[in-house]
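[1] Compute the structure for the input listed below.
(one chain, ligands or ions: 2)
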Amino acid sequence: MAPPTVLVTGGAGYIGSHTVLEMLNAGYNVICVDNLCNAYSSGASKLPEALNRVQEITGKKIHFYRVNITDREQVRSVFQEHKIDMVAHFAALKAVGESCRIPLQYYHNNMTGTNVLLEAMADNNVFKFVYSSSATVYGEPKFLPVTEEHPTGNCTSPYGKTKYFTEEILKDLCKSDKRWAVVSLRYFNPVGAHISGRIGEDPNGEPNNLMPYIAQVAVGRRPKLSVYGSDFPTKDGTGVRDYIHIVDLAEGHVKALDKLRNIAETGFFAYNLGTGVGCSVLELVHAFERASGQKVTYELVDRRSGDVATCYADAKLAEQALGWKATRGIDKMCEDTWRWQSQNPNGYAQK
Ligand SMILES: NC(=O)c1ccc[n+]([C@@H]2O[C@H](COP(=O)([O-])OP(=O)(O)OC[C@H]3O[C@@H](n4cnc5c(N)ncnc54)[C@H](O)[C@@H]3O)[C@@H](O)[C@H]2O)c1
Ligand SMILES: CC(=O)N[C@H]1[C@@H](OP(=O)(O)OP(=O)(O)OC[C@H]2O[C@@H](n3ccc(=O)[nH]c3=O)[C@H](O)[C@@H]2O)O[C@H](CO)[C@H](O)[C@@H]1O
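    Ligands and ions are numbered 1, 2, ... in the order given. The predicted structure follows:
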């Protein structure tokens, strides 16, 4: 039987590129679309740099199209060009603060883009869909660890709401037409890089998230980390999160695709992708210092608005239903982040 062909949206981004690599290794054919709004391309090659490197690492070919998923005609042309079996949908704008300043752009890109994609799928009889959701759909945790049964929808930012609203659309779609099989993967805090050090997280401008900030301090690009809050009711007063290695996360997607490929069951399924282990900001800082041999200078400052004290996953459902479990711990996350950051101090761009 020919290997299934998966259309990957946002495949040039951080999570998309790592997942494409694991999908190729697992034998899937991959077609990527990305409009490069948050991915680096040198212009010299047709491929964005992350995907160039994925091809180098795997020795396998990726079909790439520079497509904006909000553009109906562009999306349709990809479905006409290829016989697609499944879709893994990563393309989205994802900065929480920015989404509060420009909500309409977030709703257009993330909601309209997803609708256009789902319509093109239905028109082409493609009904298997893996969606990049987030722990943000749970809002402030009412209990810990957070299970998939935890209520969703109490999101504070337009970004978070796009993740929640999209899940609701997907549930309605599955109710309306029994051909749809949707897996929504709710990521906790993805960090780390591929073991090769060739691909990793390359945020534009000042990082919003903790791990890329720590890595840029360690490599000398930024003078110090601000630790947001040291008076939370946690083990050392700093915020506790469930960091998950990007390769574990990518493997979770392959398991979700395997499930959709092999099982006739349809409907909407949501799974947490996390480790179940909480790690504080200071624990991560110290683990990074050990892994890199560099000092990470930090200053304790006020809390960031909207941050919760503690959030970590119950990831047992993904283990039962997908046969997936995160295996890489905090030290490995730091070691792999450092390899990527120290070998590519300016990310993909050769500055
Ligand atoms: N990184 C995280 O911490 C995290 C956590 C939870 C959920 N997610 C979700 O995972 C997905 C991937 O996140 P990421 O961290 O890899 O982000 P990323 O910005 O690195 O990747 C997203 C990619 O989508 C592309 N894109 C955006 N809008 C597009 C459009 N309209 N048409 C085509 N391409 C478009 C961007 O150019 C980028 O390459 C997103 O849906 C995000 O919301 C991320
Ligand atoms: C409010 C917010 O942005 N939420 C997003 C952020 O979750 P999180 O806020 O959980 O992730 P994060 O990496 O921004 O922060 C993790 C922890 O580090 C702390 N911290 C962070 C940065 C820094 O410079 N100093 C510092 O102390 C922060 O207070 C928190 O306790 O990222 C997630 C993915 O990774 C999701 O996309 C969330 O929606």
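
[2] Could you tell me the single residue of the stretch 201-350 of the chain that sits nearest to ligand 2?
    In the stretch 201-350 of the chain, no residue comes nearer to ligand 2 than Gly239, which is 2.2 Å away by C-beta to the nearest ligand atom. Quick note: C-beta positions are derived from backbone N, CA and C, even for glycine.

[3] Can you give me the neighbour number for that residue?
    Residues contacting Gly239 under the criterion other C-beta atoms under 10 Å number 24.

[4] Spit out the contact partners of it.
    Gly239 makes contact with 228-229, 232, 280-281, 307-310, according to C-beta atoms under 8 Å, 6 or more residues apart in numbering.

[5] The same query, at a cut-off of 6 Å, please.
    With contact set as C-beta atoms under 6 Å, 6 or more residues apart in numbering, Gly239 has these partners: 232, 281, 307.

[6] now do Ala315
    272, 274, 276.

[7] one more time with 10 Å, if that's ok
    145-148, 186, 188, 242, 244, 248, 252, 271-277, 324-326 (C-beta atoms under 10 Å, 6 or more residues apart in numbering).

[8] Likewise for Ala313?
    135, 138, 141, 144-148, 150, 186-189, 241-242, 244, 271-278, 326.

[9] My read is that Pro207 contacts Val191, right?
    No - Pro207 is beyond contact range of Val191, at 11.3 Å (criterion: C-beta atoms under 10 Å).

[10] any residues in contact with both of those two?
    Counting by C-beta under 10 Å, 6+ apart, the shared contacts of Pro207 and Val191 are 201, 214-215.

[11] Show me which of those residues are buried.
    The neighbour count (16 or more other C-beta atoms under 10 Å) marks 201, 214-215 as buried among those.

[12] Any idea how many residues pack against Lys332?
    17.

[13] isn't there a helix covering it?
    Yes - counting by DSSP: H, G, I helix; E, B strand; the rest coil, Lys332 is part of a helix.

[14] For it, which non-adjacent residue is spatially closest?
    Nearest non-adjacent residue to Lys332, counting by C-beta to C-beta, 6 or more residues apart in numbering: His245, 6.2 Å away.

[15] Quick check: buried residues in the host helix or strand of Leu104?
    According to DSSP states H and E, Leu104 maps onto helix 103-106. Buried residues in helix 103-106, counted by 16+ other C-beta under 10 Å: Tyr106.

[16] what ranges do the strands span in the stretch 251-351 of the chain?
    267-273, 279-280, 298-301 (DSSP state E, counting those that start in this stretch).

[17] Could you list the low-pLDDT ranges of this structure?
    44, 350-351 (pLDDT under 70).

[18] tell me which parts of it are close to ligand 2?
    94, 96, 134, 136, 160, 189, 208-210, 213, 225-228, 239, 241, 281, 304, 306-307 (C-beta under 6 Å from any ligand atom).

[19] Let's verify the residue nearest to Lys60 when sequence neighbours are not counted: helix, strand, or coil?
    The shortest distance from Lys60 to any non-neighbouring residue, by C-beta to C-beta, 6+ apart, is to Leu24 (4.4 Å). Recorded secondary structure, Leu24: helix (three-state DSSP).

[20] Start the count at 19 instead of 1 going forward.
    Happy to do that; since the first residue is 19 now, the last one works out to Leu42.
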